[in-house]
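[1] This is the structure alone, sequence omitted:
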């Protein structure tokens, strides 16, 4: 074949078409990449070019009911290292390590990470101001000091289990966790375009989304009452060395928790050094146990509401009650003999309550148990609440009915008991408990959220509730709760002593003793509950709620009411005294009398009161304690002297 | 006006200058960040590119006035020199190792690539050989195989450096030359078949080669390894969109795309000037190819025609491979974009080739139709 010029020409034209055709295909490829795929490719590219540094919003504070700061975030200096800017990582690590109290290898490992900015954990975070200054003095390139928040607690461990703890990623327990999204605020960032190595491209500017600080949370917890409660717990611990102590104080009208404390507690600023179970669970809402006699309030309320009993009715306790062929013993050997049902309540007489349970029947009794909120979470705004266990109704026979009616064979939480008794204190209305009263904007101080009390249901009528309170006041004045009696505070309440089952059998020495009380009985302002798990009396005395727990609640209620400026009320039930106890005497009115008359009166009023003089004059113008108050015989009355005109003025 | 001056193809000259000037601008835009980083002088690459472009333009002007017929005398000797240089660069201690390839011969601070020189030498020699083979082209053993064998030896030496890109360009240009010289299509087809068989054998021996070659289809399979450059290039091209981010506004040049001033300069062009700019560059090359092939058609003799085809074909093949790689259309092979990519050897050789092309056009006869 001979190649002609014409053939070559045709082949060159063909070549031209082939080459330009191939170029046209590439244009098609460009069209696909730059039009069809452009959106996602450029998005991927932008995210590759944009680097961000996270800005953390300052966590909100937790305040007490009175506005005192319980927890706040104080900023502390942290190192933010930019590895791409550190040329000699080994040298930088060697210089930093002694300041951060870390091995140099660990610091170098952090500085060598492939990241735009790294923290040096743990030594380089939340350092002291001195450490930060030492780091600054090194003038290392790529080492920056930023402020990082550190949680601080002005009241130390006060209300620790309510507050909860904060970890690296936010609240872990308590209010810190439940309200984490409110407290945490929103993180922001600084975004900028960078070189492949991460350094910002000069002159490109930054996009800044500032961090938003979290809101403050105001609790219903009162610092003063919380302090009273924790002080009383300390005293109990010192005296009885128990395993655990739990205490709750509630405002029955709203369901607000005024104080809540547990022993053992922990320091929220240093929770990592505490045993995990101390900060991980809040016994007041988590722990479930047999309530014992405090549960009799439920049985009593149900029986009164259903008209199954009149407190004046008589009941004979031979020391046991026979149910389905079993003899269930009363806690008092030999029994309480013949008594009224009011005495039954005062004496916490088990056979009497079994009788009430039988009169009600299982359906009615369990209806009230559930209506009072047992067997179900109360819905308090704290994480980790327990549910408790009730017998399933189908499994309740006469024996189960009997034990349930005096508080055995059911398992309840402290908060459930507080809320149930709170319903009795609140005219029969069961409230939903809460610890957070308000959410407040920290800058404007405007209230973002204000808690309105929530009525769960009307469990018993106000009349029934009033009757139950009278019976409970009688328990404290005359019965098993006498150690809670505080003159003038009208405390009503009920003791509880529950044996703890160990390996399926009731232990002979392990008890949970409790007392639940309210005051003043005619119009309760507070409900207080204390449970002491495994008290160990030093003298080997018997373990009873009335002996160990009752005085604690009495003290808490009396001091708290004083704190709340609730005046003493002299119209309460007088305490019934044993022969070995001295009955208090009423202070006579001495004002307006002459000194001689007053002194005679003080002695003559069969009280044998001593007098102490203040001021000068012939007439008594004031006295302390005031007339009508009850004091132990032989007490001293302070008399202020003046002239007659002053007396009338003062009077 | 002499005939020569009348036929001088100003189209080729214009396209070359436009591409050259555009290339200098783009080399600066693409390299300023890197050169500031590496040499503390953002004009480092620009200055050298202008120097090489000037040398190249002078060479182009000289060669455009140098009668191309005289190259027939030089062609065999240049081919020998090229083969010698290709062997020398492989000798231990002589070749300069850059990026794992011994492609450079060092002369003082400058380096030259024997493979660039070999490309042009091969075109000259093959054109010389084929111009006299008109009668033998029908024969497989007498017409087709001898030039192919020479080319394969050259490709083999380049592959030993190894420089896959240059090998593919030399092979592609050879095929174009054989086609233009009138080789049977069946022979070219059998060459393609043999190539496929050889490739199949290589893959069978080591299956990882298949992954290597197909990785361009899904670079995201290994985004930090083999896929890295392609992904960065695609980000640049895609970010450009229709109109581009604007001259100098590339983001990928901030060290995301490695060596953006050389093989991947077209990514930066696409990113900064968008589809319109990128397609315009291809249009300029298309015009240049058209004028080059036109010069071949009107060339005074067979040698001139084949020389023009060889030079134009080389330009066309490099453009197709370079843009194909940058757009992720073909497996990655390192080839410069003619007149635009930074690089002294490539730049001067390309401009020298255009000088020869211009001389061919000058002596051609457009009136003969």
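    On my side now, so go ahead. In this text, all values refer to a predicted model and were calculated from it rather than measured experimentally. Numbering: from 1, shown residues only, chains lettered A, B, ... in the order given.

[2] When you work out contacts or count neighbours from here on, use the C-alpha atoms and nothing else.
    Fine.

[3] what residues go with each domain of the chain?
    All of this refers to chain A. Chain A breaks down by automatic domain parsing into domains covering A:5-36, A:52-219, A:223-331+A:338-563, A:585-650.

[4] actually it's chain B I care about, not the one you picked
    Chain B breaks down into these domains under automatic domain parsing: B:10-65+B:217-364, B:70-205.

[5] what about the longest one and chain A, any contact?
    If I follow you right, that is domain B:10-65+B:217-364. Yes: contact of domain B:10-65+B:217-364 with chain A (Cα under 8 Å from any Cα of the partner chain) involves B:234-242, B:251, B:254-256, B:274-275, B:278-279, B:282, B:286, B:289-290, B:293, B:296-297, B:309, B:316, B:320, B:323-324, B:327, B:329.

[6] Could you report the pLDDT at residue A:521?
    Here the pLDDT value assigned to residue A:521 is 91.

[7] show me the contacts for it.
    By Cα atoms under 8 Å, 6 or more residues apart in numbering or on different chains, the contact list for residue A:521 reads A:425, A:469-470, A:473, A:490-492.

[8] and what of residue A:314?
    Residues in contact with residue A:314, defined by Cα under 8 Å, 6+ apart, are A:338-341.

[9] looking at the domains of chain A, which is buried most?
    Mean neighbour count (mean count of other Cα atoms under 10 Å in any protein chain shown) peaks for domain A:223-331+A:338-563 among the domains of chain A, with a mean of 21.

[10] ok so, going back, please tabulate the contacts of residue A:314 in TSV, including the columns secondary structure.
    As requested, these are exported to TSV (DSSP: H, G, I helix; E, B strand; the rest coil):
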residue	secondary structure
A:338	strand
A:339	strand
A:340	strand
A:341	helix
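
[11] Now residue 274. Nearest residue, chain neighbours left out?
    Reading this off chain A. residue A:266 (6.1 Å; Cα to Cα, 6 or more residues apart in numbering or on different chains).

[12] wrong chain, I was asking about chain B
    Excluding its sequence neighbours, the residue lying closest to residue B:274 (Cα to Cα, 6+ apart) is residue B:244, at 3.5 Å.

[13] hmm, back to that, what's the most distant pair in the contacts of residue A:521?
    Farthest apart among the contacts of residue A:521 by Cα to Cα are A:425 and A:490. That separation is 12.7 Å.

[14] Pick out the residue in the stretch 401-550 of chain A sitting closest to chain B.
    Residue of the stretch 401-550 of chain A nearest chain B, by Cα to the nearest Cα: residue A:443 (40.9 Å).

[15] Contacts only, for that residue.
    Here residue A:443 is in contact with no residue (Cα under 8 Å, 6+ apart).

[16] Same question for the one 10 residues further on.
    Remark: with contacts taken as Cα under 8 Å, 6+ apart, residue A:453 is in contact with A:254-256, A:431-432.

[17] Doesn't it lie inside a strand?
    No: the assignment for residue A:453 is coil, going by three-state DSSP, so no strand is present there.

[18] Name the single longest helix found in chain B.
    helix B:265-297 (DSSP state H).

[19] whoops, I mixed them up, chain A
    Using DSSP H, we find that the single longest helix of chain A is helix A:5-31.

[20] which residue ends up closest to the midpoint of chain B in space?
    Nearest to the geometric centre of chain B sits residue B:318, at 3.8 Å (Cα atoms, centre = their mean).

[21] Please apply the same query to chain A.
    residue A:162 (3.4 Å).

[22] about what we covered before: now, of the domains of chain B, which is deepest in the fold?
    Stretch with highest mean neighbour count among the domains of chain B: domain B:10-65+B:217-364 (a mean of 23; mean count of other Cα under 10 Å).

[23] Could you tell me the end-to-end distance of that domain?
    Counting by Cα to Cα, to the nearest Å, you get 13 Å between the two ends of domain B:10-65+B:217-364.

[24] coming back round to it: looking at the helix or strand just after the longest helix of chain B now, give me its mean pLDDT.
    Following helix B:265-297 in sequence order, the next helix or strand is helix B:302-326 (DSSP states H and E). Across helix B:302-326, the average pLDDT comes to 95.

[25] so where do the helices sit in the stretch 1-150 of chain B?
    For the stretch 1-150 of chain B, the helices defined by DSSP state H, counting those that start in this stretch occupy B:3-7, B:10-39, B:44-64, B:71-88, B:114-131, B:145-160.

[26] by how many degrees do the third one and helix B:10-39 diverge?
    In other words, helix B:44-64. Using axes from the mean of the first three to the mean of the last three Cα atoms, to 10 degrees, the inter-axis angle of helix B:44-64 relative to helix B:10-39 is 150 degrees.

[27] Which secondary structure elements does helix B:44-64 sit against?
    Identification of packing neighbours for helix B:44-64 by 3 or more Cα pairs under 8 Å, 6 or more residues apart in numbering or on different chains; DSSP states H and E yields helix B:10-39, helix B:344-363.

[28] which other helices and strands contact the first one?
    What it means is helix B:10-39. Using 3+ Cα pairs under 8 Å, 6+ apart, helix B:10-39 sits against helix B:44-64, helix B:265-297, helix B:344-363.

[29] Mean pLDDT added to the ones you listed, as CSV?
    Formatted as CSV, the helices and strands packed on helix B:10-39 follow (pLDDT from 0 to 100):
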stretch, mean pLDDT
helix B:44-64, 94
helix B:265-297, 96
helix B:344-363, 94
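
[30] As JSON lines, those with distance to residue B:221 would be great.
    Shown next, in JSON lines, are those (distance: least, Cα to Cα, whole Å):
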{"stretch": "helix B:44-64", "distance to residue B:221": "33"}
{"stretch": "helix B:265-297", "distance to residue B:221": "21"}
{"stretch": "helix B:344-363", "distance to residue B:221": "33"}
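
[31] Ok, which of the ones you listed comes nearest residue A:114?
    Nearest of those (Cα to Cα): helix B:265-297, 26.7 Å.

[32] elements contacting that closest one?
    Applying 3+ Cα pairs under 8 Å, 6+ apart, we find helix B:265-297 packed against helix A:5-31, helix B:10-39, helix B:228-240, helix B:302-326, helix B:344-363.

[33] angle of that helix against helix B:228-240?
    90 degrees.

[34] how close does residue B:22 sit to residue A:8?
    Distance of residue B:22 to residue A:8, given as Cα to Cα: 34 Å.
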